Each structure stands twice: as structure tokens, then as C-alpha cells.
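S.K.: what shape does this take:
(one chain, ligands or ions: 1)
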Amino acid sequence: MIPHPFDFADRVAVVTGGSGILGGAIARALGEAGAFVWVVGRSRPEKAEMTAQDIRNQGGNAEAVLADVLDRTALQTLADRIFQRHGRLDFLVNAAGGTNKEATTSPERSFFDLPEKAVRHVFDLNLQGTFLPCQVLGRQMAEKRQGAILNLSSYGAIHPLTRSAAYSAGKAAVTNFTQWLAVHLAQEYSPQLRVNALVPGFFLTEQNRFLLTDEGTGALTERGQRIMTHTPAGRFGEPADLIGPALWLLSDTARFVTGTTLVVDGGMSAFGGV
Ligand SMILES: NC(=O)c1ccc[n+]([C@@H]2O[C@H](COP(=O)([O-])OP(=O)(O)OC[C@H]3O[C@@H](n4cnc5c(N)ncnc54)[C@H](O)[C@@H]3O)[C@@H](O)[C@H]2O)c1
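M.R.: Alright, predicted model coming up:
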């Protein structure tokens, strides 16, 4: 008989950005599959708590915690708590990331005027915000010689997004780092340590709403319309679209899959525009 691939009972997961829309959907799915989920947010405890509460309401186990993914000390405190409580960590999902207005070109802000601080923040949030949790929380996995890491890259890593230079470069770095770490952990520690990335296309969430919809009317911006005409599926992604790909990459069913990026974009990257 084929075993249930997504039975994660007794597994322990951390989802950074589990307070957000995509990370929240993945966290809830992991909870439903039986894992104990540590839902990590940055500054608004109620957002991480909402995800954790949803998981508990469904009969699962979860705890919300605040930790900035750019703060090694906060991550180490989290790692210590997890190890004391469970003695293990099976899954790390790095979903904290994103961009902001200040690091995005616009009619008011040309490329030449992008503030260095904002650019650095977006680049750091995406690359360092993935790198540091892999170092601090991944150490426990390396010691146990078992575990799966899932990073959130982006369509912008394949085709740089107009206006979003820092974000596109940061996500390209995430894809590159995913491949590097997959090789390193398999060769130096164990082939039972896997690292992969999801490459979402366009999902309407808080980090990109200002680019895709008009703040006043909610109607699609010109950019939002352009995305729609270039997405063969004819719609934005929905958080639920990531659940199957995420659970599969984390599960033992994907035990020979490491260093890969799985594109979930409604066909956008396959479409030549004609
Ligand atoms: N929305 C999309 O279309 C899309 C497409 C491709 C990739 N992604 C990526 O998917 C991931 C999740 O995106 P989302 O759309 O759910 O965004 P979101 O803004 O809804 O969620 C991101 C979460 O990360 C948290 N966060 C931000 N900085 C943090 C920090 N320093 N430390 C800890 N937590 C922090 C935020 O509080 C937020 O809850 C991001 O990496 C994003 O870049 C999103």
C-alpha cells in the first residue's frame, strides 16, 4: 500500500513569516498534517498568534513566537527553546521576505534615487533572512543528519521584475543559496538533509498589493493587468496553490529531490507573450 505522504505526526516545523499570507497557508497545512508548528513573526504578535490559533482550532499543535530573521540572537533563543522542548527540528520553511515602496522605482523615485538603506534592507531581508535561519536552526538538523528546508524564492529570480531591482536580486541570491546549501549539507553531513525552494509567480498579498491594485479603488493597476495577460492560468495565485508543492517538497516522497526550485506561477514563465 502507498503510505500517506503527508502524515507529519511527531514532526516539528518552523515557518518564518508564518504570520504572513503565504507562510501562514504553509504553516496551517503543516499543522493539519500533524506537525508541531512554530509560527514566527517579526513585530506584530497578533498576526503570528492568529496562524497558531487557527492550527490549534483544527486540533493541531502550534506556538507563535516573535523573532526577527535578521537577528541571530533571537533565532538562537528560538532554536534553544525548540531543542529543549522537542529535541529535534524536522522542517524549516523560510517564508519571511518581501519588498517595500522605498526600494521600488516609481514615477516619483528613479533608479538613481533609490535610497541605499532601503535597497540594502530588501536585499538583506530576502538573502540574509534565509541564510541566518538556515545557519542557526539548520545546525540542529545537521547534528541529527536529517531534515528538510524550504526557501521562498520568486519569479523575479528567473526574470527580474521591472521596478523591483533589490527584490529580484535578493531572490536570485536565494535560489543560488538554495542550490549551494543543498550540495553542502548532502556532501558534508547527510543525503537525508534536503534544501529546495518554491518559486511563486504572482500572488496578491500585502507586500505587493500597492503594485498590483489601486489603493483607492482596488482595481488592477496597469502592472496588475499586464501580469494577468501574461499568466496562462488567467488569475493571481492563491495561497492554497502553494500547499501541495510545499508539502511534497518537505515530505519523504521527495527524498531524492534536493537543490531544486519548483515554479508555481500558473504557466507565466513558460509563456513567451505570443
Ligand atoms: N506574494 C507574492 O506574490 C510572492 C511571490 C513570490 C515570492 N513571494 C515570497 O513569499 C514569501 C511570503 O510572502 P507573502 O506574500 O506571504 O508576504 P507577507 O508580507 O504576507 O508575509 C511575510 C511575513 O514575513 C514577516 N517578516 C517580514 N520581515 C521579517 C523579519 N525580518 N523577521 C521575521 N519575519 C518577518 C512579516 O511580518 C510577514 O508576516 C516572501 O519571501 C515573498 O517574497 C511572494
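
S.K.: contact partners for the residue of the stretch 51-200 of the chain found nearest the ligand?
M.R.: Nearest to the ligand, among the residues of the stretch 51-200 of the chain, is Gly97, at 2.4 Å (C-beta to the nearest ligand atom). For glycine as for every other residue, the C-beta is placed from the backbone atoms N, C-alpha and C. Gly97 makes contacts with 17, 125-126, 129-130, 152, 170-171, 174, as judged by C-beta atoms under 8 Å, 6 or more residues apart in numbering.

S.K.: can you lay out those residues as JSON lines showing distance to Gln140?
M.R.: Below are those laid out as JSON lines (distance: C-beta to C-beta, whole Å):
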{"residue": "Gly17", "distance to Gln140": "20"}
{"residue": "Leu125", "distance to Gln140": "23"}
{"residue": "Asn126", "distance to Gln140": "23"}
{"residue": "Gly129", "distance to Gln140": "19"}
{"residue": "Thr130", "distance to Gln140": "17"}
{"residue": "Leu152", "distance to Gln140": "21"}
{"residue": "Gly170", "distance to Gln140": "26"}
{"residue": "Lys171", "distance to Gln140": "26"}
{"residue": "Val174", "distance to Gln140": "21"}
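
S.K.: looking at neighbours, which among the residues you listed is most surrounded?
M.R.: Neighbour count (other C-beta atoms under 10 Å) singles out Asn126 as the most crowded of the contacts of Gly97, with 32 neighbours.

S.K.: what about Met141, distance to Gln84?
M.R.: 16 Å (C-beta to C-beta, to the nearest Å).

S.K.: before we move on, the earlier item: which strand or helix spans the nearest residue to the residue of the stretch 51-200 of the chain closest to the ligand once chain neighbours are set aside?
M.R.: Distance criterion C-beta to C-beta, 6 or more residues apart in numbering; nearest residue to Gly97, sequence neighbours excluded, is Asn126 at 4.7 Å. Here Asn126, judged by DSSP states H and E, is contained in helix 116-136.

S.K.: and the contacts of whichever helix or strand comes after that helix?
M.R.: As assigned by DSSP H and E, the chain's next helix or strand after helix 116-136 is helix 138-144. Contacts with helix 138-144, where a contact means C-beta under 8 Å, 6+ apart, come from 79, 82-83, 88-90, 92, 147, 149, 181, 185, 189-190, 193.

S.K.: now find how far off-centre the next helix-or-strand element following helix 138-144 is within its chain.
M.R.: The helix or strand immediately downstream of helix 138-144 is strand 147-152, counting by DSSP H and E. Here strand 147-152 is found 9 Å from its chain centre; the criterion is C-alpha atoms, centre = their mean, to the nearest Å.

S.K.: for the helix or strand bottoming out on mean pLDDT in the chain, packing partners?
M.R.: Taking mean pLDDT, DSSP states H and E as the measure, the chain has helix 209-212 as its least confident helix or strand, at a mean of 86. Applying 3 or more C-beta pairs under 8 Å, 6 or more residues apart in numbering; DSSP states H and E, one finds that helix 209-212 makes contact with helix 222-229.

S.K.: say whether the ligand is contacted by the helix it packs on.
M.R.: No - if you take C-beta under 6 Å from any ligand atom as the test, helix 222-229 misses the ligand, and the best it gets is 9.6 Å.

S.K.: so for that helix, what gets flagged as buried?
M.R.: By neighbour count on 16 or more other C-beta atoms under 10 Å, the buried set for helix 222-229 is 223-224, 227-228.

S.K.: what does stretch 201-218 give?
M.R.: Residues of stretch 201-218 classed as buried by neighbour count (16+ other C-beta under 10 Å): 201-205, 207-208, 211-213.
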